[in-house]
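Visitor: below is the sequence, then the predicted model.
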Amino acid sequence: MDVENLGAKKVIVVTDRNVDKLPAMQHVREALDERGINFEVFNDVHVEPKDTSVKAAIDFARPLHPDLFLAVGGKSLHPNIPAMINSSRRLRNRHRQIDEPLHQLSQR
């Protein structure tokens with residue numbers, strides 16, 4: 001699992017409420033649990049986020065000091081992730097994107 005290979009100890013999984021109910025998210029939770037990786041799920045992403053929802057994402061992430069953000073879902077996540085990364089000093093210079101189609105993840 002890439003999260004494990006990257007040495008992440010504390011992960012924020014970013015998704016929306018609909019994707020959070022899909023089997024793919026259950027697989028993500030199970031995989032992180034099996035590997036003993038601490039994680040929190042932020043599932044309040046909106047299709048067309050306003051500044052207030054991006055601020056909510058930042059406020060969620062800032063006190064957690066994550067090592068990694070794991071986005072599960074589509075393009076609606078994109079405005080939130082950079083804002084969350086920028087709120088975390090540890091991650092600002094280590095941003096790396098790993099894309100895996102959701103349908104592949106759900107087949108595991």
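Guide: It's in. The structure displayed is predicted, hence computed values, not measured ones.
Visitor: which residues of this structure score low on pLDDT?
Guide: The chain contains residues with pLDDT under 70 at 1, 49, 75-83, 85-108.
Visitor: helices of this protein, start to end?
Guide: Along the chain, the segments classed as helices by DSSP state H run 2-5, 17-20, 23-34, 51-61, 80-87, 102-106.
Visitor: of these, which is nearest L68?
Guide: Closest to L68 of the helices of the chain is helix 2-5 (C-beta to C-beta; 6.2 Å). C-betas here are computed from N, CA, C, even on glycine.
Visitor: which residues touch the closest one?
Guide: Residues outside helix 2-5 that contact it (C-beta atoms under 8 Å, 6 or more residues apart in numbering) are 11, 31-32, 35, 37, 68, 70, 98.
Visitor: what does the closest residue to D67 other than its chain neighbours show for phi and psi?
Guide: Closest residue to D67 apart from its sequence neighbours, by C-beta to C-beta, 6 or more residues apart in numbering: A8 at 4.2 Å. Dihedral pair for A8: phi -70, psi 130, per degrees, to the nearest 10.
Visitor: A8 against I37, yeah?
Guide: Yes - counting by C-beta atoms under 8 Å, A8 touches I37, with 6.3 Å between them.
Visitor: coming back round to it: burial measure for the residue nearest to D67, as a count.
Guide: 20 (other C-beta atoms under 10 Å).
Visitor: tell me who's in contact with it.
Guide: A8 neighbours (C-beta under 8 Å, 6+ apart): 37, 66-68.
Visitor: farthest-separated two in these?
Guide: Within these, I37 and P66 form the most distant pair, 10.8 Å apart (C-beta to C-beta).
Visitor: neighbour count: the two, which is higher?
Guide: Using other C-beta under 10 Å as the criterion, I37 and P66 rank with P66 on top: 23 against 18.
Visitor: picking that back up, make a markdown table from the contacts of A8 and add distance to R17 to it.
Guide: A markdown table is the format used below for the contacts of A8 (distance: C-beta to C-beta, whole Å):
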| residue | distance to R17 |
| --- | --- |
| I37 | 22 |
| P66 | 20 |
| D67 | 25 |
| L68 | 22 |
